[in-house]
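Peer 1: Attaching a predicted model along with its sequence, questions to come.
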Amino acid sequence: MGNICRSPSAEGAFRSIVEKNQISQNYEVDSAGTHAYHIGNSPDQRSQEAALNYGVDLSSQRARQVHESDFYYYDYIIAMDSDNLVILKSMKPKKSNPKIQLMLDYSKEFPGASVPDPYYEGKFDEVFKMIHSSCLIFFESIKKKTNIN
């Protein structure tokens, strides 16, 4: 909702995957919140620490809010939970065509579930691991569809 925990983690995880595959030039990766909380702030320090355990640096990211233009620019808009999914689908302009779905639609262990918000529960390592494994599956699905190696 506020773009300081789960979404920046997903942005960092996915970005690191495309960089490791040396195809960053083929992907535009960003994250945004559905609410205006924390705009301009860095990701939560605990999210940054969990990401660093996987070799992913989130420190250069800054929170922003989803904008109408995002629905025209991006092919995929990935929600972290069902509440954000509903909000994103309601924000989508009729003439835009991104695929909007849940992050864990790409999970082997939790398909269709919401990524838990670690902000209050403190399960940052578990959440990053869940997001990272889903990003790997998401990446492979895109690679198959586009034949980008």
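Peer 2: Here it is on my side, so go on. Numbering: from 1, shown residues only.
Peer 1: alpha carbons only for contacts and neighbour counts from here, please
Peer 2: Will do.
Peer 1: so for the longest helix seen in the chain, what's the average pLDDT?
Peer 2: When the chain is parsed with DSSP state H, its longest helix is helix 124-146. Helix 124-146 carries an average pLDDT of 94.
Peer 1: contacts for that helix?
Peer 2: The set of residues external to helix 124-146 that reach it, using C-alpha atoms under 8 Å, 6 or more residues apart in numbering, is 6, 9-10, 13-14, 17-18, 46-47, 50-51, 103-108, 115-118, 149.
Peer 1: in that helix, what counts as buried?
Peer 2: For helix 124-146, a neighbour-count test (16 or more other C-alpha atoms under 10 Å) marks 124-125, 127-139 as buried.
Peer 1: now stretch 112-120
Peer 2: 112-118.
Peer 1: Also stretch 31-44?
Peer 2: Buried residues in stretch 31-44, counted by 16+ other C-alpha under 10 Å: 31-34, 38-39, 42-44.
Peer 1: can you map out the strands along this structure?
Peer 2: Along the chain, counting by DSSP state E, strands occupy 76-79, 99-102.
Peer 1: Pick the most deeply packed of those.
Peer 2: Greatest average neighbour count among those goes to strand 76-79 (a mean of 22), per mean count of other C-alpha atoms under 10 Å.
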